[in-house]
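S.K.: got a predicted model here, sequence first, then my questions.
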Amino acid sequence: MGICLSARVKAESPAHTGLNSQYVSSGSNNMSTDCSKNSSSSVPPTPRTEGEILQSPNLKSFNFSDLKVATRNFRPDSVLGGGGFGSVFKGWIDENSFTATKPGTGMVIAVKKLHQESFQGHREWLAEVNYLGQFSHPNLVKLIGYCLEDDYRLLVYEFMPRGSLENHLFRRGSYFQPLSWNLRLKVALGAAKGVAFLHSSEAKVIYRDFKTSNILLDSSYNAKLSDFGLAKDGPTGDKSHVSTRVMGTYGYAAPEYLATGHLTTKSDVYSYGVVLLELLSGRRAIDKNRPSGEHKLVEWCRPFLANKRKVFRIMDNRLEGQYSMEVAQKVANLALRCISLEPKLRPKMQEVVKELEQIKDSTKSADIRNRDGSRQRRRSTGDVIPSSKVAHTAYPRPSASPRHSK
């Protein structure tokens, strides 16, 4: 799964946040997980025992010895990521037989190995197997199989070569180049589709842990949601919410959920809005290294989002010249609605998907017009330049609403 699956750490107060993704908890929490569905029938009751959970016909049961060989004995240089639950290792297996192969041959996999003493991680392991074994969707990471042997608990996922969105937004270095405006829109749309599926009548699931570290990218920057250990079945019957002990990541959790423990699909919408702000600004949801007043991204952004003339203040400087202010304002307005303090005013995720598709299409059309206009202007001035030599700007510069430096 690339560089994936950050640690789950329960934090009794926001003081334990800083730059790390940590979980806010006013207790512990019952976890269940969901993903996209393989059949069109109604979602089966959530199994609660290992025996029931491990009967999924969609998953491969691996032997510990096979995964040990596949990951080269879980060597440190095979580690992709990790946290409180354990570590994630890169491995290789045969595509057909699923047996271990030599490094560099066969199919690349990501193997999450649970710390044997981690009870919380064990519950999340059960949740992942239960739901990811029943569902599949283009914007949800694929679980290939599991290992339950003696005290060992492992999960085997598809490998996501570009790692997490968090790394691309916030890490510096030659490997993680700043994501372009176009790619940020693509990731935002893909992730929205994943959450929209979970909220659909087919799945009826509340993800509860939407954040940049749980959005993984394949080689084409297609976004897939990962780490479903905190997901919950949505409310049934005439119930409006699910009551839980509060768990989630500080900075992303909806305020009404933190205050009451009442979980709804609108809780996910709020978290999505926070990630949209991170994509726009290139800033973390919580960053204590920022100046006073800028530690919490939502609080810092909110007054600028509501004012069309001030939206430029939140935009990532690394995106300079890649977008029009009109499009940026549309995305900012969508983010503002998602983080509304009143849950009823937040859009549904399917509405978010539709809006982002329209924004992406309008950006593409503007890009085409911009390139065509550039060609026409060159012809009219008499410049003879071979078409193969003409360099075109990929995105319209915000000439109508000039950018300002921060």
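M.R.: Received, thanks. Residues are numbered from 1 along each chain as shown.
S.K.: next one: phi and psi at the closest residue in space to residue 226 that isn't next to it in sequence?
M.R.: Distances taken as Cβ to Cβ, 6 or more residues apart in numbering put residue 141 closest to residue 226, at 4.2 Å, once the chain neighbours are dropped. Yep, even glycine has a C-beta here, placed from its N, CA and C like the rest. Dihedral pair for residue 141: phi -60, psi 150, per degrees, to the nearest 10.
S.K.: same question, residue 287
M.R.: phi -150, psi 100.
S.K.: do the same with the one 5 residues further on
M.R.: Here is the backbone geometry of residue 292 (degrees, to the nearest 10): phi -60, psi 130.
S.K.: how many other residues sit next to it?
M.R.: 6 (other Cβ atoms under 10 Å).
S.K.: for residue 326, see how far away it is.
M.R.: Plainly put, residue 292 is 33 Å away from residue 326 if you go by Cβ to Cβ, to the nearest Å.
S.K.: centre of the chain versus stretch 220-239, how much separation?
M.R.: Centroid separation for stretch 220-239 versus its chain: 11 Å, with Cα atoms, centre = their mean, to the nearest Å.
S.K.: and it, what's buried?
M.R.: Residues 221-235 are the ones in stretch 220-239 that count as buried (16 or more other Cβ atoms under 10 Å).
S.K.: what's the answer for stretch 184-203, then?
M.R.: Within stretch 184-203, the residues that count as buried by 16+ other Cβ under 10 Å are 184-200, 202-203.
S.K.: contacting residues for residue 343?
M.R.: By Cβ atoms under 8 Å, 6 or more residues apart in numbering, the contact set of residue 343 is 254, 256, 264, 266, 267, 269, 270.
S.K.: is the residue nearest to residue 226 in contact with residue 223, as I believe?
M.R.: No. Contact criterion Cβ atoms under 8 Å: residue 141 and residue 223 do not qualify, at 9.9 Å.
S.K.: overlap in contacts, the two.
M.R.: Any residue near both residue 141 and residue 223 by Cβ under 8 Å, 6+ apart counts here, and that gives residue 216.
S.K.: show me the helices in the stretch 151-300 of the chain, by range?
M.R.: Remark: helices assigned in the stretch 151-300 of the chain by DSSP state H, counting those that start in this stretch are 165-170, 181-199, 255-260, 265-281, 297-305.
S.K.: which of those helices sits most buried?
M.R.: Counting by mean count of other Cβ atoms under 10 Å, helix 265-281 has the highest mean neighbour count of the helices of the stretch 151-300 of the chain, with a mean of 25.
S.K.: poorly predicted segments of the protein, please.
M.R.: Low-confidence segments of the chain (pLDDT under 70): 1-57, 83-84, 117-120, 173-175, 236-238, 240, 365-406.
S.K.: per-domain residue ranges of it.
M.R.: What automatic domain parsing lists as the domains of the chain is 10-158, 165-361.
S.K.: checking my notes, residue 121 in a helix, right?
M.R.: Yes. The assignment for residue 121 by DSSP: H, G, I helix; E, B strand; the rest coil puts it in a helix.
S.K.: so how far is residue 359 from the residue nearest to residue 226?
M.R.: 25 Å.
S.K.: which of those two has more neighbours?
M.R.: residue 141 (29 against 19).
S.K.: quick one: residue 142 and residue 224, what's the gap?
M.R.: Taking Cβ to Cβ, one finds residue 142 at 8 Å from residue 224.
S.K.: again with residue 155
M.R.: From residue 155 to residue 224 the distance is 15 Å (Cβ to Cβ).
S.K.: residue 361 too?
M.R.: Residue 361 is 22 Å from residue 224, by Cβ to Cβ.
S.K.: what of residue 88?
M.R.: Computed as Cβ to Cβ, the residue 88 to residue 224 distance reads 15 Å.
S.K.: same question for residue 232.
M.R.: 20 Å.
S.K.: ramachandran angles for residue 312?
M.R.: Backbone torsions of residue 312, given as degrees, to the nearest 10, read phi -60, psi -20.
S.K.: that one contacts residue 325, doesn't it?
M.R.: Yes. Contact criterion Cβ under 8 Å: residue 312 and residue 325 qualify, at 6.7 Å.
S.K.: tell me the secondary structure of residue 354, please.
M.R.: helix.
S.K.: surely residue 231 meets residue 205?
M.R.: Yes. Residue 231 is within contact range of residue 205, at 5.6 Å (criterion: Cβ under 8 Å).
S.K.: so what's residue 362 closest to, chain neighbours aside?
M.R.: Distances taken as Cβ to Cβ, 6+ apart place residue 327 nearest to residue 362, at 6.7 Å, with adjacent residues excluded.
S.K.: okay, and that neighbour sits in which element?
M.R.: helix 325-338 (DSSP states H and E).
S.K.: and the angle from that helix to helix 181-199?
M.R.: Angle, helix 325-338 to helix 181-199, by axes from the mean of the first three to the mean of the last three Cα atoms, to 10 degrees: 30 degrees.
S.K.: who does helix 325-338 touch, helix- and strand-wise?
M.R.: helix 265-281, helix 297-305, helix 349-380 (3 or more Cβ pairs under 8 Å, 6 or more residues apart in numbering; DSSP states H and E).
S.K.: please repeat the previous calculation with a cut-off of 6 Å.
M.R.: Here helix 325-338 touches helix 265-281, helix 349-380, going by 3 or more Cβ pairs under 6 Å, 6 or more residues apart in numbering; DSSP states H and E.
S.K.: what bridges to the spatially most central residue of the chain?
M.R.: Nearest to the mean C-alpha position of the chain, by Cα atoms, centre = their mean, lies residue 215 at 2.3 Å. Beta-bridge pairing of residue 215 under DSSP bridges involves residue 225.
S.K.: what sits against it?
M.R.: Residues counted as contacts of residue 215 (Cβ atoms under 6 Å, 6 or more residues apart in numbering) are 165, 191, 223.
S.K.: now the last one, nearest residue through space, not along the chain?
M.R.: Translated: residue 223. residue 190 (3.4 Å).
S.K.: repeat for residue 155
M.R.: Spatial nearest neighbour of residue 155, chain neighbours left out: residue 112 (4.4 Å); criterion: Cβ to Cβ, 6+ apart.
S.K.: and that neighbour, backbone torsions?
M.R.: Dihedral angles (degrees, to the nearest 10) for residue 112: phi -90, psi 120.
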